[in-house]
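Peer 1: sequence and computational prediction follow.
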Amino acid sequence: MGSEMCIRDSTAPDDRGTADVAELADALDDASLAAKPKAKGTKTAERTDMREHVNCVFIGHVDAGKSTFCGQMMLSTGQVDERSMQKYEKEAKEKNRESWFLAYIMDTDEEERAKGKTVQVGRAHFETATKRYTILDAPGHKNYVPNMIAGACQADVGVLVISARKGEFETGFERGGQTREHALLAKTLGVRLLVVVINKMDDSTVEWSEERYRECCDKLSPFLRQCGYNLKRDVIFLPISAMKGINVLTRVPADVCPWFQGADDRCFVQVLDSQPPMDRKPDAPLRLPIIDKYRDMGTVIEGKIEQGTLVEGARYVLMPNRTRVVVDSVALDENDVPTAFGGENVKVKLRDISEEDIKPGFVLSDVAHPAPVVRRFEAQVIIVELLEHKSIFSAGYTAVLHCHAIAEECSIVELTAEIDKKTGKRSKKKPMFVKSGGVVTCVIDVEQSICVETFDVCAQLGRFTLRDEGKTIGIGKILKIIDASADEAKKD
């Protein structure tokens, strides 16, 4: 695995070249349109809950209030009991961090609590009358962008948390803040809907000011448009107070915020529940990238089903090591189910394989149509912003490639064409190099074999980011697999 894979930010890219991201991001978006451990004694039950499952990743600059918002969601929906809350409040008070008690629901690690800084991607669940949700609490610090990528690549909806507090919004949005990079990464990682929550509206520097709310929205909108978001279709702005739970489950009262009382003004949960169902491709070949693995009375893997259907007792193949396995059990939250579908976060107990033989980034696949095993592929890449001392993107350039749960060292073999940003036409001559803002097709080699797909076959396994020295320098999609040995799996 590449050196950056530490499952959970770097200097944010400036606007140069970001406007050109819209072309690729729109293409990515158009194609996109096409769990707790098992409780002992839990019996396998027929799946009767057919509510859609949605993954929501909470992203944004450090201290914007992401973990507090996630904790408030858990508290408001009844997922945390009163005794636990008293414990969290007491612990936060002992650390002289009374305002952090909601964040403790998500930040369970002692180091995270001591520093008030999320490191790993926190995971929790809540449900409404119409849908089931998984919360993915991503870190906001620039040192943990790879972990944020690991969370965002699993998500269907992005929740961009913005602090309205005077000075904090500006710090997060300016160069060096993580608001920009998180929004860009979320788009390129397949997050189709972005809910932008303007948090801390109850702060003494804001006091539910419509002027401050509009200022934040107006400054964010041009940048989000440059990232490729359609502001009318893909972005929803909301004012909230995560600490007090205002405008979370029910709409903010008129006496608190009289200017947010229109017919289309909704609270956070109403916005999530109102979204149309997503196409999960239940009949496509199974693709389940593995996020984590461990031993628990057998070999257990965790991941999100990107497409297809997973059936208990069925035989599958684990790529790239081509090991035939049998699914002993499938768990959603704490319950075993006979079948799981696309979009579900699952824990799967496997037979005929050892935990030591599995790595994050492996893909559980259909035997008849296994995921390709790749060392070289052709891709279309937008160069967002190169490093100052490596300002040329050409053959020989090395970086870390992030694709679903994979982080792997890669190198550019050759540039095959430059793409005109206005017309979309490919150049007839191969370019020698491109600079920041350029769009190229190129051949990429990875050090170790990885499981990916072409973007048109499976978008979530076909989009990637390139990072160099802790900074996102490019985003892309896989156009053609040049060497794939997946077909050999059929002969095994």
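Peer 2: That came through, no problem. Residues are numbered from 1 along each chain as shown.
Peer 1: in the sheet, who's paired with the residue nearest to residue 314 when sequence neighbours are not counted?
Peer 2: Nearest in space to residue 314, with sequence neighbours left out and distances taken as CB to CB, 6 or more residues apart in numbering, is residue 327 at 5.7 Å. (Each C-beta comes from the backbone N, C-alpha and C, glycine too.) Per DSSP bridges, the residues bridged to residue 327 are residue 350.
Peer 1: can you tell me which helices and strands the helix or strand harbouring residue 449 packs against?
Peer 2: Counting by DSSP states H and E, the element that carries residue 449 is strand 439-451. Applying 3 or more CB pairs under 8 Å, 6 or more residues apart in numbering; DSSP states H and E, one finds that strand 439-451 contacts strand 373-383, strand 398-403, strand 406-418.
Peer 1: hmm, who's touching the shortest one?
Peer 2: Contacts with strand 398-403, where a contact means CB atoms under 8 Å, 6 or more residues apart in numbering, come from 2-4, 146, 149, 153, 407-412, 444, 446, 450, 452, 461, 463-468, 473-474.
Peer 1: and those, which are buried?
Peer 2: With burial judged by 16 or more other CB atoms under 10 Å, the buried subset of the contacts of strand 398-403 is 2, 4, 146, 149, 153, 407-410, 412, 444, 446, 450, 452, 461, 463-468, 473-474.
Peer 1: hey, where'd the helices end up in the stretch 151-300 of the chain?
Peer 2: 168-173, 179-188, 210-227, 268-273 (DSSP state H, counting those that start in this stretch).
Peer 1: in the longest one, what's buried?
Peer 2: This means helix 210-227. 212-213, 216-217, 220, 223-227.
Peer 1: and it, what does it pack onto?
Peer 2: Packed against helix 210-227 by the contact rule (3+ CB pairs under 8 Å, 6+ apart) you find helix 21-33, helix 168-173, helix 179-188, strand 193-199, strand 235-239.
Peer 1: and if you look at the first one?
Peer 2: Helix 168-173 sits against strand 157-163, helix 179-188, helix 210-227, with contacts defined as 3+ CB pairs under 8 Å, 6+ apart.
Peer 1: repeat for the last one
Peer 2: Contact analysis of helix 268-273 by 3+ CB pairs under 8 Å, 6+ apart lists strand 131-137, strand 193-199, strand 235-239 as its packing neighbours.
Peer 1: hmm, who's touching it?
Peer 2: 54, 56, 128-131, 133, 157, 195, 197, 236, 238, 240, 247-249, 251.
Peer 1: can you do 7 Å?
Peer 2: Helix 268-273 is contacted from outside by 54, 128, 130-131, 133, 157, 195, 197, 236, 238, 240, 247-249, using CB atoms under 7 Å, 6 or more residues apart in numbering.
Peer 1: from those, which is closest to residue 478?
Peer 2: Comparing the contacts of helix 268-273 against residue 478 with CB to CB places residue 157 closest, at 24.0 Å.
Peer 1: number of nearby residues for that closest one?
Peer 2: By other CB atoms under 10 Å, the residues close to residue 157 number 22.
Peer 1: hmm, it is touching residue 190, no?
Peer 2: No: using CB atoms under 7 Å, residue 157 is not in contact with residue 190; the gap is 10.8 Å.
Peer 1: my guess is residue 394 contacts residue 432. True?
Peer 2: Yes: if you go by CB under 7 Å, residue 394 and residue 432 touch, sitting 6.3 Å apart.
Peer 1: so for the two, which residue has more residues nearby?
Peer 2: residue 394 (15 against 10).
Peer 1: still on that earlier bit, for residue 379, find the nearest of the helices of the stretch 151-300 of the chain.
Peer 2: Closest of those to residue 379 is helix 179-188, at 12.5 Å (criterion: CB to CB).
Peer 1: where does the stretch 101-250 of the chain have low pLDDT?
Peer 2: For the stretch 101-250 of the chain, the stretches with pLDDT under 70 are 101, 104-120, 140-144, 175-176.
Peer 1: closest to residue 306 out of the helices and strands packed on strand 439-451?
Peer 2: So among the helices and strands packed on strand 439-451, strand 398-403 is nearest, using CB to CB, at 11.7 Å.
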